[in-house]
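Novice: here is the input, now give the coordinates:
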Amino acid sequence: MGDDLDDGLVTRWGAAGTNDVQRIEAADWREWPGELSLFDDRDEAVRVARDKLVPAEGSGHVLRVQTRDDEPTGVIVEEADWRGPVPEAEFAGGPDLPAAWRAYLRSSSWLRRGWLPSGKYVWLYPPAEARQLLAIWETESTHPGIALIGGDGGLENFVLDLRHNPAPVLLVSNASESWEDAVVQSADVESFIARIEDGTFDLTWTD
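Specialist: Residues are numbered from 1 along each chain as shown. Sure, this is the predicted structure:
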């Protein structure tokens, strides 16, 4: 159910496509399109975004909306952005990513960015973008075998160490100078994806 807040405000959840998000953004994130539904349950908004909007538009967004007497009040906040399958051509040019990560990015919907129920924010990268960011980061000599897969929206990055099989998911900061200061987040990609999908992923700061 929607969360009751002070002053009679209730948090509700909406699902919107790309064009609808552009309209909301143009209204300074303060006006909810009247023809779009709002839900008391966040999971229902996620289902609509993933099952209906992503196949139809290529992306589906879940937004948090504060309401009073069913009228939107306050700022609308994007909670999550789901995307459709990454084109196979994006995987060309390496590195050779684990099959599970390829399958997730090629699935019917995957989390591009957003807040998890655990309270953590994650931002995941398709292969082409990840390669561009790594080229800027210049990690070839300091982190051999690295593959970038995401980050926390700040200075921390989720990477794979492809020297190992299975490749662990590690946390590496932008200031990292070697693998020595990397911190294991998941033993393999499968467990990382599972925790993203069920919303339980949280950062680990020590091995």
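Novice: pLDDT on the longest strand along the chain, on average?
Specialist: What stands out as the longest strand in the chain, according to DSSP state E, is strand 59-68. For strand 59-68, mean pLDDT rounds to 94.
Novice: contacts for whatever helix or strand comes next after it next, please.
Specialist: Sequence-wise, the next helix or strand downstream of strand 59-68 (DSSP states H and E) is strand 71-72. Defining contact as CB atoms under 8 Å, 6 or more residues apart in numbering, one finds that strand 71-72 is touched by 30-32, 65-66. In this view, the C-beta of every residue, glycine as well, is placed from N, C-alpha and C.
Novice: what does stretch 43-62 give?
Specialist: 13-21, 37, 39, 42, 63, 78-84, 108-109, 112, 114.
Novice: what comes up buried for stretch 11-20?
Specialist: 11-17, 20 (16 or more other CB atoms under 10 Å).
Novice: sort out for me which of those are in strands.
Specialist: Reading strands off the buried residues of stretch 11-20 with DSSP E, I get 11-16.
Novice: circling back: can you give the strand pairings for the longest strand of the chain, parallel or anti for each?
Specialist: Strand 59-68 sits in its sheet next to strand 10-16 (antiparallel), strand 71-72 (antiparallel), strand 77-83 (antiparallel), going by DSSP bridges.
Novice: follow-up on the earlier one: which of the ones in strands among the buried residues of stretch 11-20 sit farthest apart?
Specialist: 11 and 16 (16.1 Å; CB to CB).
Novice: can you find the helix or strand in this structure with the smallest mean pLDDT?
Specialist: Lowest by mean pLDDT, DSSP states H and E among the helices and strands of the chain is strand 3-4, with a mean of 58.
Novice: do a quick rundown of the helices in this protein.
Specialist: Along the chain, the segments classed as helices by DSSP state H run 18-26, 42-48, 54-57, 99-105, 127-137, 189-197.
Novice: how confident was the prediction at the residue nearest the centre of the chain?
Specialist: In the chain, the residue lying closest to the centroid (CA atoms, centre = their mean) is residue 113, at 2.3 Å. If you check residue 113, the pLDDT there is 98.
Novice: residues in contact with it?
Specialist: 80-81, 121-124, 153.
Novice: tell me what it is bridged to.
Specialist: Bridge pairing for residue 113 - DSSP bridges - gives residue 81, residue 123.
Novice: for residue 97, give its distance to residue 126.
Specialist: Look at residue 97 and residue 126: by CB to CB, to the nearest Å, they are 11 Å apart.
Novice: with residue 154 instead?
Specialist: With CB to CB as the criterion, residue 154 and residue 126 are 20 Å apart.
Novice: looking at these two, which one has more neighbours?
Specialist: residue 126 (16 against 10; other CB atoms under 10 Å).
Novice: first-to-last residue distance for stretch 52-67?
Specialist: 24 Å (CA to CA, to the nearest Å).
Novice: got a list of what residue 9 touches?
Specialist: Neighbours of residue 9 in contact, by CB under 8 Å, 6+ apart: 66-68, 73-74.
Novice: how much space separates it from residue 188?
Specialist: According to CB to CB, residue 9 stands 42 Å off from residue 188.
Novice: go on, residue 32?
Specialist: 40 Å.
Novice: if you count what's nearby, which of these two comes out ahead?
Specialist: Shown here are residue 32 and residue 188; by other CB under 10 Å, residue 32 has more neighbours (22 against 18).
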